[in-house]
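[1] Structure for the following, please:
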Amino acid sequence: MRVIDILRTKPGVLYTTSPDTPISKALLNIANHDAGSLIVMKDNRLVGLLSFREIINMLALQLAPQGGEAAIDLQSLKVKDVMNSQPVVIDPQMDLHTLRGLMVSLRQRFMPVVEKDVVIGVLSFYDVAKAVHESQEAENRYLKAYINDQHETPQP
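    Presented below is the predicted three-dimensional model:
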């Protein structure tokens, strides 16, 4: 199974934002769409990724400032101040085994899928787990059907 095979099972919706979007608006966008991440685009190019990890880190800084620094002013923050500006991207032809290893080793839960400098989707760790589960379920059904067929007695 390849990345493109998993993408085909997902709705074709890509949630995006710009680097200059206020973080409060981006948070509402994530919540309203029940999305785990937003692709950050500028001039039709991927420039970052905003996910739960970046938001949690930003909120942690807000709640517990380091070294006596003033708390972050959430109203003035923009997506570019919080986003991962160098997300690892994946190719649509990458195989599932490689993808799983990459996601685990990098601890990256959301991975933009890029083909010829165009973002064609985002895969989450959930998408990958679901694809593996469904593949194993199908394989189990086929194996059980095969075993059952082998044990049937031939009809005269």
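[2] need the contact list for the closest residue in space to Pro22 that isn't next to it in sequence.
    Using C-beta to C-beta, 6 or more residues apart in numbering and skipping the chain neighbours, the partner closest in space to Pro22 is Lys78 (6.2 Å). C-betas here are computed from N, CA, C, even on glycine. Applying C-beta atoms under 8 Å, 6 or more residues apart in numbering, one finds that Lys78 lies in contact with 19-23.
[3] which of the residues in stretch 113-129 are buried?
    Burial within stretch 113-129, assessed by neighbour count using 16 or more other C-beta atoms under 10 Å, is assigned to 113-114, 119, 121-125, 127-128.
[4] The residues you listed in strands, which ones?
    Of the buried residues of stretch 113-129, the ones assigned to strands by DSSP state E are 113-114, 119, 121-124.
[5] And the furthest pair within the residues you listed?
    With distance counted by C-beta to C-beta, no two of these lie farther apart than Val114 and Ser124, which are 15.7 Å apart.
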